[in-house]
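Undergrad: 3D model of this:
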Amino acid sequence: MAILIDDPQWPAHGRLWAHLVSDSDLDELHAFAAAAGIPRRAFDLDHYDVPDERHADLVAAGAEHVGGKELVRRLRSSGLRVTARDRRS
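TA: Purely as a prediction, here's the structure:
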């Protein structure tokens, strides 16, 4: 089991954002986020959106830094990925 974080490259609200995911368990993800002080409102169905200034702190807390493609591959493999189609439903 691992918590993964990608590069902060997603622009919104005047800053860049990264994605924080679990490769196996949403409870693990929620626990990690809560311990790191990330509010539950940052959760978006299968990931947390985290601002660029938190990236280094989250890696230091144990999140594994991976590229975006690797993050998505592992999220899909976990069965936790919520697709765009599912988001529209």
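
Undergrad: any idea where the strands of the chain begin and end?
TA: 3-5, 10-12, 15-22, 48-51, 64-65 (DSSP state E).

Undergrad: residue ranges of the helices in this protein, please?
TA: Using DSSP state H, the helices of the chain run over 26-35, 55-60, 68-78, 84-88.

Undergrad: Please point out which parts of the second one sit buried.
TA: Taking 16 or more other CB atoms under 10 Å as the neighbour-count basis, helix 55-60 is seen to contain the buried residues 55, 58. Yep, even glycine has a C-beta here, placed from its N, CA and C like the rest.

Undergrad: and it, what other elements does it pack with?
TA: Judged by 3 or more CB pairs under 8 Å, 6 or more residues apart in numbering; DSSP states H and E, helix 55-60 is in contact with strand 3-5, strand 15-22.

Undergrad: Identify whichever of the ones you listed lies nearest to residue 70.
TA: strand 3-5 (7.7 Å; CB to CB).

Undergrad: among the helices and strands packed on helix 55-60, which is the most enclosed?
TA: strand 3-5 (a mean of 23; mean count of other CB atoms under 10 Å).
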